[in-house]
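>>> Below is the structure, and that's it, no one-letter string:
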């Protein structure tokens, strides 16, 4: 049996797995565990010399310099060449890892919601400038996660790595398939999957039910599109594609030439996020619902039919990737990440808010604000004549009500994120939309129509 070699890079998915699903709280430890794995299973340059069975003391003596303190306290900087002197940034951003610092930091900020200053401070900390007790806890965590076996008061390397995200530089060459290769937008789900994906005493205890509105008659076709896309993404150079798409808004079929970026399950269906042409030819990005794709044909990058924006991105070697989409969705609430950002202000009935809204997470930008902050936001961001009208409306509302702000994807009532609109409708009549103004007017018209339906 060949020797296991750990060559994974510490991207978000792997760090979430090592952080046991709670990356923001456990980021430093997750990075340190990644270095632990390099020391235990890495290549000849990284792997330390250990017997088949070893203790913490054995690993310490092999990993640190000979002058490394053996006490319980956090070690002082005693040797600039000792691994305990290296900062987090020095471990992460090196020629060997190939990690681009700015790109990695951008993704971590997007997925954790950390402040930039908070991450900068963490990167300058000494990764192994911790107590012996913390390092001993690292070993215990690796055993719990299945990376080591603990018995007879000794640790043993495993013969097979546990299920984990494949995060090597060349993912296409990876042969392992794990349950955690899926990227969950909410990191807590990774913790659930990690802890409950396997049966307990032969009984499955964790279930994840997803609503899926795709008609059964189109399921085979959707599977075909996913398989074709999978094959295209496995190519060294991913080609552009020509789609024939049934647009609900245009009420007919339309052809679009795009670069396929990734697939998302969201809003109870599966979507292809693609860059190039939209059905209405008014944006560079579009989310195509897979069951509405009628044909999918791969093209060459030399095809003269390619739109100019797509040709330019290809020539500049700046084609978009899935991380760009994740970042945009973290900035503004809404799956249609290509729509402009607008301020949304909401007023909730206080009792309803305390029961069902307060203490929940909806989006990074969704937060409670004071009555006075609402006034200032209206004065600062809303143009006349709506500004004056909204200030008069607000003057009639109670400061004791609950007020929230968020940044949402909204252009107009024809171009808005319907999933968000459905969420707001589910909160009615306990919520009042103050802004955007067009959305407020739309909700008022809906309420009037609904009243006419029920009054007789």
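Yep, that arrived. All figures in this text were calculated on a predicted structure; none of them were measured in a lab.
>>> can you pull the contacts of residue 103?
Residue 103 makes contact with residue 323 under the criterion CB atoms under 8 Å, 6 or more residues apart in numbering. Just so you know, the C-beta spots here come from the backbone N, C-alpha and C atoms, and that holds for glycine as well.
>>> Check for me that it belongs to a helix.
Yes. According to DSSP: H, G, I helix; E, B strand; the rest coil, the state of residue 103 is that of a helix.
>>> mind checking how far it is from residue 432?
Taking CB to CB, to the nearest Å as the measure, residue 103 and residue 432 are separated by 41 Å.
>>> One more: residue 52?
If you go by CB to CB, the gap between residue 52 and residue 432 works out to 67 Å.
>>> Which of those two has more residues huddled nearby?
Relative neighbour count places residue 432 above the other of residue 52 and residue 432, with 20 against 8, counting by other CB atoms under 10 Å.
>>> All the strands of the stretch 101-250 of the chain, in order from the start?
Per DSSP state E, counting those that start in this stretch, the stretch 101-250 of the chain carries strands over the ranges 148-151, 154-157, 241-247.
>>> right, so these: which one is the most enclosed?
With neighbours taken as mean count of other CB atoms under 10 Å, these reach their highest mean count in strand 241-247, at a mean of 19.
>>> out of all of them, which strand in the chain is the longest?
Identified as the longest strand of the chain according to DSSP state E is strand 252-266.
>>> which other helices and strands contact that strand?
Packed against strand 252-266, as judged by 3 or more CB pairs under 8 Å, 6 or more residues apart in numbering; DSSP states H and E, are the following elements: helix 219-233, strand 241-247, strand 269-276, strand 285-289, helix 308-315, helix 322-331.
>>> at 6 Å instead, please
Using 3 or more CB pairs under 6 Å, 6 or more residues apart in numbering; DSSP states H and E as the contact criterion, the neighbours of strand 252-266 among helices and strands are strand 241-247, strand 269-276.
>>> what are the pairing partners of that strand, and which direction each?
Applying DSSP bridges to the sheet, strand 252-266 is found paired with strand 241-247 (antiparallel), strand 269-276 (antiparallel).
>>> what's stretch 104-123 in contact with?
Where contact means CB atoms under 6 Å, 6 or more residues apart in numbering, the residues beyond stretch 104-123 that reach it are 12, 23-24, 88-89, 323, 326-327, 330, 364.
>>> Kindly indicate which of these lies nearest residue 287.
Looking at the contacts of stretch 104-123 and their distance to residue 287, the nearest is residue 326, at 13.8 Å (CB to CB).
>>> That closest one - nearest residue in space that isn't next to it in sequence?
Counting by CB to CB, 6 or more residues apart in numbering, residue 110 is the residue found nearest to residue 326 once chain neighbours are left out, at 5.8 Å.
>>> and the contacts of stretch 104-123, which are buried?
Buried by 16 or more other CB atoms under 10 Å: 12, 23, 88-89, 323, 326-327, 330, 364, out of the contacts of stretch 104-123.
>>> Next, give me the two most distant ones among the contacts of stretch 104-123.
Between any two of those, the greatest separation by CB to CB is 24.4 Å, found for 89 and 364.
>>> Correct me if wrong: residue 16 contacts residue 25.
No. Because the distance of 11.4 Å does not satisfy CB atoms under 6 Å, residue 16 is recorded as not touching residue 25.
>>> Who has more neighbours out of the two?
The neighbour comparison of residue 16 against residue 25 (other CB under 10 Å) goes to residue 16, with 28 against 12.
>>> so what pLDDT did residue 169 get?
As summarised for this prediction, residue 169 has a pLDDT of 51.
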